[in-house]
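1. 3D model of this:
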Amino acid sequence: MMDALGLGETLKEFVPELPVGKRNGTRYTFSDIVGTSHAIHGLIKDAQRASLLNCAVLIDGEAGTGKEIFAQSIHNFSRNSQQPFVAINCAALPETMLDRILFGTVKGTFTGAIDQAGLFEEARAGTLFLDEIDSLSLLLQAKLLRVMHEMNFRRVGALNVIPVECRVICSTNKAPQKLIAEGRLRQDLFYRIARVALHIPPLRMRREDIASITETFIKKSNLILRKDVRFVSPELYELLLFYNWPGNLRELEHVLENLMIRVENNEKELGLEHLPPRLKQVLLSTREELKIPGERQNLPDTLKELEKQLIMDSLKRNMWNYPKTAKELGIIQQSLAYRMKKLGIAQRKES
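-> I've put the predicted structure just below:
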């Protein structure tokens, strides 16, 4: 992987191999990230570079796009991969207990208090992953900002200062700029946690990855379920390709899991008949909304037509306002301009 991405032989000495069955609190490495699109390959390359810098990273992407998979992969590609990876969902942090959970406590500080390390200490020189960082109140964000600025903290009730040794990786489900504009993310905290910012595009914006993800999932499921599925029917593949996947990878895996459970042990092909009625109805409803070409085309031409249609529909909904269109599609405005030129969509003035 490193050589394929042009990172060179010299980096291998800094990236220790992890044993099978990792004991550092992770399950994933970059080899677990599947996809053939330029978007995902470029993202992996950027994430690998970030992992070697040992700086704070902010990952944004819709729910189900695989933000923690990237966070774990960054940790496992780093020089400190043997150190712990500690993850916490900030949406599950009670505001009154944040200090204790993150920074630890000293015995006798309050009734029932014991000497206990917080997550910053548990991570040691590894990685602390703060998922859904925007779920923290602005007051809690201010406390975190101070720690990120000073690079030290105190246990609750302690006088001595403990240095921060770990890398902090944060994630959000929405674009950080939107969260800042909505007053849900402090701008000064953003500057601290986003020394490197990575955006994971939604699955609907990289449909060319659906085939490779599906193939990989089927191979893994065959081993677990002792089946021998080798093919996906054209009709089913068309449904998978043209569905919008609001739940992204998580939803695709849910659908594939249902298919693999329902297929018989002697069957070699997944088809529409293996879809539960509820899932089939959901997939078909989206298919009807899209103007799928009547004549069967090859995959590149089909994806090109679909991308052009999605962009045109969004442009019309937003009255040819390019910033709004790019925001709706989950891409930057420069990328929208590039895609429009590539697809032959002439630019117009805003309506």
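2. only C-alpha atoms from now on, for both contacts and neighbour counts.
-> Fine.
3. format the CA atom coordinates belonging to stretch 88-103 as CSV.
-> The C-alpha trace of stretch 88-103 is given here as CSV (Å, rounded to 0.1, in the frame of the first residue of the first chain):
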residue,chain,number,x,y,z
ILE,A,88,-15.3,8.0,23.0
ASN,A,89,-18.5,9.2,21.5
CYS,A,90,-18.9,12.8,22.8
ALA,A,91,-22.7,12.6,22.3
ALA,A,92,-22.7,10.0,25.1
LEU,A,93,-20.6,12.2,27.5
PRO,A,94,-22.7,13.6,30.4
GLU,A,95,-21.7,17.3,30.7
THR,A,96,-21.3,17.0,34.5
MET,A,97,-18.8,14.1,34.1
LEU,A,98,-16.7,15.3,31.2
ASP,A,99,-13.8,16.4,33.4
ARG,A,100,-13.7,13.1,35.3
ILE,A,101,-14.0,11.0,32.1
LEU,A,102,-11.4,12.9,30.1
PHE,A,103,-8.9,14.0,32.8
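4. ok now that stretch, how far from the chain's centre?
-> 22 Å (Cα atoms, centre = their mean, to the nearest Å).
5. neighbouring contacts of that stretch?
-> Here stretch 88-103 makes contact (Cα atoms under 8 Å, 6 or more residues apart in numbering) with 117-121, 129-137, 140, 153-156.
6. report the buried members of the residues you listed.
-> 117-121, 129-136, 153-156 (16 or more other Cα atoms under 10 Å).
7. poorly predicted segments of the protein, please.
-> Filtered on pLDDT under 70, the chain yields the residue ranges 1-22, 286-300, 330, 350-351.
8. tell me the domain ranges of it?
-> Per automatic domain parsing, the structural domains of the chain span 9-201, 204-289, 299-343.
9. just send these back as a markdown table, with distance to K349 too.
-> Conversion of the domains of the chain to a markdown table gives the following (distance: least, Cα to Cα, whole Å):
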| stretch | distance to K349 |
| --- | --- |
| domain 9-201 | 25 |
| domain 204-289 | 25 |
| domain 299-343 | 7 |
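10. just name the most buried of the ones you listed.
-> Sort the domains of the chain by mean neighbour count, taking mean count of other Cα atoms under 10 Å, and domain 9-201 sits at the top with a mean of 18.
11. where exactly do the strands run in the chain?
-> With DSSP state E applied, the chain shows strands at 57-60, 85-89, 104-105, 116-117, 127-131, 152-153, 162-163, 167-172, 196-199, 231-232, 269-270, listed in chain order.
12. how about the ones you listed in TSV, adding distance to L283?
-> TSV is the format used below for those (distance: least, Cα to Cα, whole Å):
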stretch	distance to L283
strand 57-60	26
strand 85-89	30
strand 104-105	47
strand 116-117	47
strand 127-131	30
strand 152-153	50
strand 162-163	51
strand 167-172	27
strand 196-199	26
strand 231-232	15
strand 269-270	15
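13. what sits against the residue sitting furthest away from the middle of the chain?
-> In the chain, counting by Cα atoms, centre = their mean, G108 sits farthest out from the average C-alpha position, at 41.0 Å. Neighbouring residues of G108 by Cα under 8 Å, 6+ apart: I114.
14. I'd like to know how far it sits from D115.
-> Here G108 is placed at a distance of 9 Å from D115 (Cα to Cα, to the nearest Å).
15. ok, now E208?
-> Where D115 is concerned, E208 sits at a distance of 52 Å (Cα to Cα).
16. what's the closest non-adjacent residue to A197?
-> Closest residue to A197 in three dimensions, ignoring its sequence neighbours and counting by Cα to Cα, 6 or more residues apart in numbering: L58, at 4.8 Å.
17. I'd guessed the one you found sits against C170; true?
-> Yes: counting by Cα atoms under 8 Å, L58 does reach C170; the two are 4.8 Å apart.
18. mind listing what the nearest residue to Y322 once chain neighbours are set aside touches?
-> Distances taken as Cα to Cα, 6+ apart place Q333 nearest to Y322, at 6.7 Å, with adjacent residues excluded. Going by Cα under 8 Å, 6+ apart, Q333 touches 322-323, 326-327.
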